[in-house]
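Enquirer: Show me how the following folds:
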Amino acid sequence: MGHLDHATFGWLTPVLSYVMACMGAALGLRCTVRALGATGRSRRNWLLTAASAIGTGIWTMHFLAMLGFGVSGTEIRYDVPLTILSLLVAMLVVGAGVFAVGYSRDRTRALLLGGLTTGLGVASMHYLGMAALRLHGAVRYDPVLVAASVLIAVVAATAALWAGLNIKSPVAVTLASLVMGAAVSSMHYTGMFAVSVHVAPSRQPLPGAAAMQFIFPLAVGLGSYLFLTSAFVALSPTVGEREASASAQRPVERVAR
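Expert: Below is the predicted model:
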């Protein structure tokens with residue numbers, strides 16, 4: 001059995017992955033708040049941005065953490081199509097949950113259904129990402145820890161959607177995103193502790209791409225997307241700010257007349 005190291009770079013990858021999870025959660029929650037205060041095409045666009053932010057944040061968190069994953073006796077590579085599929089699954093399933101909450105009239109039912117769907121999607125993303133691993137040996141899982149990781153994902157997703165419905169102030173959103181980042185990271189490492197690898201040494205080259213050739217550049221690109229989108233959302237006025245600005249301009253127009 002190969003020795004597993006979940007932090008080959010020390011605390012660097014766990015900390016960076018937690019930061020990305022928090023950033024994605026914070027941006028997603030802010031966009032959800034904006035969506036609930038909007039209508040029509042604007043609501044749809046805010047929900048799309050929220051889904052892409054949360055999905056991207058979760059995926060980037062997972063694969064930044066995976067940069068620190070190593071197994072003694074074998075190198076590790078990643079299947080590119082499966083890795084890309086895991087990103088698409090993250091965004092699509094999170095999108096389904098976010099839209100369910102954004103458009104449903106029965107918020108409680110939408111919250112429970114959206115939380116379950118999104119949580120299962122997050123878990124699917126994680127294990128699809130793990131299925132993309134290519135190494136010399138066989139990967140096995142502890143079913144109890146796998147079930148625990150899925151439960152954490154569902155609870156975390158439900159909490160995130162609840163926060164999007166009920167938390168409005170920037171300070172509260174920040175605190176909620178810190179909690180969400182911790183929950184997503186806990187789900188990831190619970191799933192990773194379920195892993196055991198039986199190494200079968202071989203000189204045959206592994207298929208796929210090395211993490212630094214593929215995962216790292218993609219994670220940097222998605223991280224940049226989150227940062228730029230966060231700046232855009234921070235600078236764009238809320239519905240309340242636009243209404244206040246319009247109200248302030250009306251007396252000026254009347255005086256001018």
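
Enquirer: From now on I want contacts and neighbour counts done on CA atoms only, so please keep to that.
Expert: Fine.

Enquirer: Check the gap between the one residue sitting closest to the centre of the chain and residue 204 for me.
Expert: Nearest to the mean C-alpha position of the chain, counting by CA atoms, centre = their mean, stands residue 58 at 2.1 Å. For residue 58, the distance to residue 204 (CA to CA, to the nearest Å) stands at 33 Å.

Enquirer: how close does the residue nearest to the centre of the chain sit to residue 167?
Expert: According to CA to CA, residue 58 stands 21 Å off from residue 167.

Enquirer: what do you get for residue 231?
Expert: 20 Å.

Enquirer: Comparing those two, which residue is more hemmed in?
Expert: residue 167 (19 against 12; other CA atoms under 10 Å).

Enquirer: so the more buried one touches residue 173, yeah?
Expert: Yes. Between residue 167 and residue 173 there is a contact under CA atoms under 8 Å: 6.3 Å.

Enquirer: any residues in contact with both of those two?
Expert: The contact sets of residue 167 and residue 173 do not overlap (CA atoms under 8 Å, 6 or more residues apart in numbering).

Enquirer: part of a helix, is residue 119?
Expert: Yes. Under DSSP: H, G, I helix; E, B strand; the rest coil, residue 119 falls within a helix.

Enquirer: residue ranges of the strands in the stretch 151-257 of the chain, please?
Expert: 195-199 (DSSP state E, counting those that start in this stretch).

Enquirer: Now do residue 111 against residue 210, distance only.
Expert: Residue 111 is 39 Å from residue 210, by CA to CA.

Enquirer: which of those two has more neighbours?
Expert: Neighbours of residue 111 and residue 210, each counted by other CA under 10 Å, are more numerous for residue 111; the result is 24 against 18.

Enquirer: residues in contact with the closest residue to the more buried one other than its chain neighbours?
Expert: If the residues on either side of it in the chain are set aside, residue 111 comes closest to residue 101, at 6.0 Å by CA to CA, 6 or more residues apart in numbering. Each residue near residue 101 by CA under 8 Å, 6+ apart is listed here: 107, 110-111, 114, 161, 165.

Enquirer: Pull out the buried residues from the strand or helix carrying residue 101.
Expert: Assigned by DSSP states H and E, residue 101 belongs to helix 80-103. With burial defined by 16 or more other CA atoms under 10 Å, the residues of helix 80-103 counted as buried are 80, 82-84, 86-102.

Enquirer: where does this protein dip in pLDDT?
Expert: 1-2, 234-257 (pLDDT under 70).

Enquirer: Please tell me how far the nearest residue to residue 42 once chain neighbours are set aside sits from residue 169.
Expert: Nearest residue to residue 42, sequence neighbours excluded (CA to CA, 6+ apart): residue 35, at 7.1 Å. Note on residue 35: its distance to residue 169, by CA to CA, is 14 Å.
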